[in-house]
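Participant: task: produce atomic coordinates for the following.
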Amino acid sequence: MKNFKQFAFVFSLVLVVAFMSVGQAMAQGGVMESVKSAMKAGSSKDLARSFNSTVELTLNGKEATSYSSTQAEFVMKNFFSKNAPVDFTYSHQGSSDKGQQYAIGTYSSKSGTYTVLVRMKESKIQSMNFIKD
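Facilitator: Modelled structure (predicted):
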């Protein structure tokens, strides 16, 4: 009986850990999908919901600049107004050993195409790099 209780306890613990891991992965995937939707729509407001308190943006090969989330929202609003979206798709998504999520995508606009690198930590965007193709 004692072995059964130990087995039940260990099994329950393993299930809890598994469900927590799956839940965290789903939440992170959900954030990446909301970023994708915001990019497709050209919505700086929706994109800003996923920003960390400070965000590093690199646009058109210029030097990376750190902005507050509010400033970054206005920078992205300006970018979207000059480069109206046609489509945005991810070509690759993953995560590092240290828990940083990333995605590489293609932003198609009426004025050209950009390769976009999005880096996130704890489900918040840390940086975005837009490289004109």
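Participant: following the helix or strand of the chain with the lowest mean pLDDT, which helix or strand comes up?
Facilitator: Lowest on mean pLDDT, DSSP states H and E among the helices and strands of the chain sits helix 2-41, with a mean of 61. Following helix 2-41 in sequence order, the next helix or strand is helix 44-48 (DSSP states H and E).
Participant: which residues touch that next one?
Facilitator: 34-35, 37-39, 69-70, 72-74, 76-77, 79-80, 125 (CB atoms under 8 Å, 6 or more residues apart in numbering). All C-beta atoms are positioned from the backbone trio N, CA, C, and that covers glycine.
Participant: average pLDDT for it?
Facilitator: Averaging pLDDT along helix 44-48 gives 96.
Participant: report the secondary structure state of residue 63.
Facilitator: coil (DSSP: H, G, I helix; E, B strand; the rest coil).
Participant: what is the neighbour count of it?
Facilitator: Residue 63 is flanked by 6 other residues according to other CB atoms under 10 Å.
Participant: what do you get for the one 3 residues further on?
Facilitator: Residues lying near residue 66 (other CB under 10 Å) number 11.
Participant: that one against residue 55, yeah?
Facilitator: Yes: between residue 66 and residue 55 there is a contact under CB atoms under 8 Å: 7.2 Å.
Participant: the helix or strand where residue 57 lies: which residues count as buried?
Facilitator: Using DSSP H and E, residue 57 sits within strand 51-59. Judged by neighbour count using 16 or more other CB atoms under 10 Å, the buried positions of strand 51-59 are 51, 52, 55, 56, 57, 58, 59.
Participant: so what's the fourth one up against?
Facilitator: The reference is to residue 56. Residue 56 touches 64, 65, 66, 67, 126, 127, 128, counting by CB under 8 Å, 6+ apart.
Participant: where does the fifth one sit: helix, strand or coil?
Facilitator: In other words, residue 126. Per three-state DSSP, residue 126 ends up strand.
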